[in-house]
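Undergrad: what's the 3D shape of this:
(4 chains)
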There are 2 protein chains.
Amino acid sequence: MNYSIGEVAARMGTNTSTLRYYDKKGLLPFVERDAAGRRKFKDNDFNFLEVIDCLKRSGVPIKDIGHFISLCLQGDTTLRQRYDYLDQEEAVLADKVRDMQAQLDFLRFKKWYYKTAVEAGTETIHFTPGTNFVAPTTHAQYQAALKKADDVRQLIDLPAD
Amino acid sequence: MNYSIGEVAARMGTNTSTLRYYDKKGLLPFVERDAAGRRKFKDNDFNFLEVIDCLKRSGVPIKDIGHFISLCLQGDTTLRQRYDYLDQEEAVLADKVRDMQAQLDFLRFKKWYYKTAVEAGTETIHFTPGTNFVAPTTHAQYQAALKKADDVRQLIDLPAD
DNA sequence: GCTTGACTTAAACCTAGGTTCAAGTCGTAT
DNA sequence: ATACGACTTGAACCTAGGTTTAAGTCAAGC
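TA: Numbers count the residues shown, from 1 in each chain, chains lettered A, B, ... in the order given. I've put the predicted structure just below:
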């Protein structure tokens, strides 16, 4: 029924200092105390902790998380504000995922670049002849190879040494 | 053919201080100087800048990016190391994308929680009767609703006010 | 009744990743 | 020739997000 800060830290995969830091920053106003002043977490508090953890992983700054938590403690009048806040964070996070995917695509292009260079024994296969500069057509070559390939892995993965 | 630090900053969507900071941290050893000591970027340097930008967006620490750049300047003997490095970063980034997706799924569950609460006019529809605590079955209810739904949007989106 | 381990606080410390500032050097347009 | 804007440097400053330390409280086991 009740959990100490140490038990909560273990269960959440964090440490007690971090939880105290969050408390100081206003993220845990719902936590009660025992007669000796020790934090006493209830089962229901894990619902808050899950939200905090999710927003944290999503890259939301701590003070914004605190704002959301404070809305939660104000009762039904803030329901729509809470919805709108999560709706906005969903959009932000979806953008972030799209950006990560774009970076992943670029990393894969660079893997192809180095895979082919490793196979050739030299990076010069990608250079404009007579220079040390990468030919401007390189990325287009990758795109073309990618279109023909059945499997990205086959195109960009090199067997482990 | 040549670009000043200001032109490069504009093109990369950053500012000159940041580029100088990167230079100081060893990310731009390939940049040349003119007679007056001003940085002189070449077209080929944008290939490096793109990689730096990609790794930065991917969350790679600056010193690690510097390590990769230094491998690049050591010639063909480091080709395999560069491949392996990118291969590892690809895996790290793919993990990160999976985690973001999981956070997105959780945010959507919470949107559903608040959408239904807003529609009911009260959060108590999710509480165990007679308490102020969220019923443990709430998430399972969402999963069930999600399985039956044709479209997540319909399940979790509330019309804009 | 004393030690041990988990808790409490405030305050100091740390790192990453910049940003700002002060003082100075150029090339160019007036 | 002088003013302007863009460049140069090193050093100081800043924020976020913790982590560490010091000093103390408390319950339980020996």
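Undergrad: nearest spatial neighbour of residue A:107, skipping sequence neighbours?
TA: residue B:90 (4.9 Å; Cβ to Cβ, 6 or more residues apart in numbering or on different chains). For every residue, glycine as well, the C-beta is placed using N, CA and C.
Undergrad: residues touching the residue of chain A most remote from its centre, list them.
TA: Going by Cα atoms, centre = their mean, the residue of chain A most distant from its centre is residue A:130, 43.3 Å out. Applying Cβ atoms under 8 Å, 6 or more residues apart in numbering or on different chains to residue A:130 gives no contacts.
Undergrad: where's it relative to residue A:140, distance?
TA: Distance of residue A:130 to residue A:140, given as Cβ to Cβ, to the nearest Å: 20 Å.
Undergrad: what residues does chain A have near DNA strand D?
TA: Contacts of chain A with DNA strand D, taken as Cβ under 7 Å from any atom of the strand, map to A:14-15, A:17-18, A:21-22, A:35-37, A:56, A:61-63.
Undergrad: can you pick out the most distant pair from the residues you listed?
TA: Across those, no pair lies farther apart than A:35 and A:61, at 35.0 Å, counting by Cβ to Cβ.
Undergrad: neighbour count for these two, which is higher?
TA: Counting neighbours by other Cβ atoms under 10 Å in any protein chain shown for residue A:35 and for residue A:61 shows that residue A:61 has the greater number, 10 against 6.
Undergrad: highest neighbour count among the residues of chain A next to DNA strand D?
TA: Within the residues of chain A next to DNA strand D, most neighbours by other Cβ under 10 Å means residue A:22, with 20 neighbours.
Undergrad: helix or strand for that residue, which one?
TA: Per DSSP states H and E: residue A:22 is located in helix A:16-24.
Undergrad: so what strands line up beside the top strand by length along chain A?
TA: Determined from DSSP state E, the single longest strand within chain A is strand A:39-42. Partner strands for strand A:39-42, per DSSP bridges, with pairing direction: strand A:2-3 (antiparallel), strand A:32-33 (antiparallel).
Undergrad: is whichever helix or strand comes after it positioned near chain B?
TA: Next in sequence after strand A:39-42, counting helices and strands by DSSP H and E, comes helix A:45-57. Yes. Contact of helix A:45-57 with chain B (Cβ under 8 Å from any Cβ of the partner chain) involves A:47, A:50-51, A:54, A:57.
Undergrad: can I get the buried ones among these as something I can paste into ChimeraX?
TA: Buried residues within the residues of helix A:45-57 next to chain B, by 16 or more other Cβ atoms under 10 Å in any protein chain shown, are selected in ChimeraX with:
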select /A:47,51,54
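Undergrad: what's the mean pLDDT across stretch A:85-97?
TA: Taken as a whole, stretch A:85-97 has a mean pLDDT of 98.
Undergrad: need the residues that contact that stretch.
TA: Residues contacting stretch A:85-97 (Cβ under 8 Å, 6+ apart): A:55, A:58-60, A:67-68, A:71, B:97, B:100-101, B:103-104, B:107-108, B:110-111, B:114, B:157-158.
Undergrad: mind giving me the ChimeraX command for buried ones among those?
TA: Buried residues within the contacts of stretch A:85-97, by 16+ other Cβ under 10 Å, are selected in ChimeraX with:
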select /A:55,58,60,68,71 /B:97,100,103,104,107,108,110,111,114,157
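Undergrad: and chain A, what are its domains?
TA: What automatic domain parsing lists as the domains of chain A is A:2-73, A:96-156.
Undergrad: please state the offset of the shortest one from the chain centre?
TA: So that's domain A:96-156. Here the centre of domain A:96-156 is set off from its chain's centre by 26 Å, with Cα atoms, centre = their mean, to the nearest Å.
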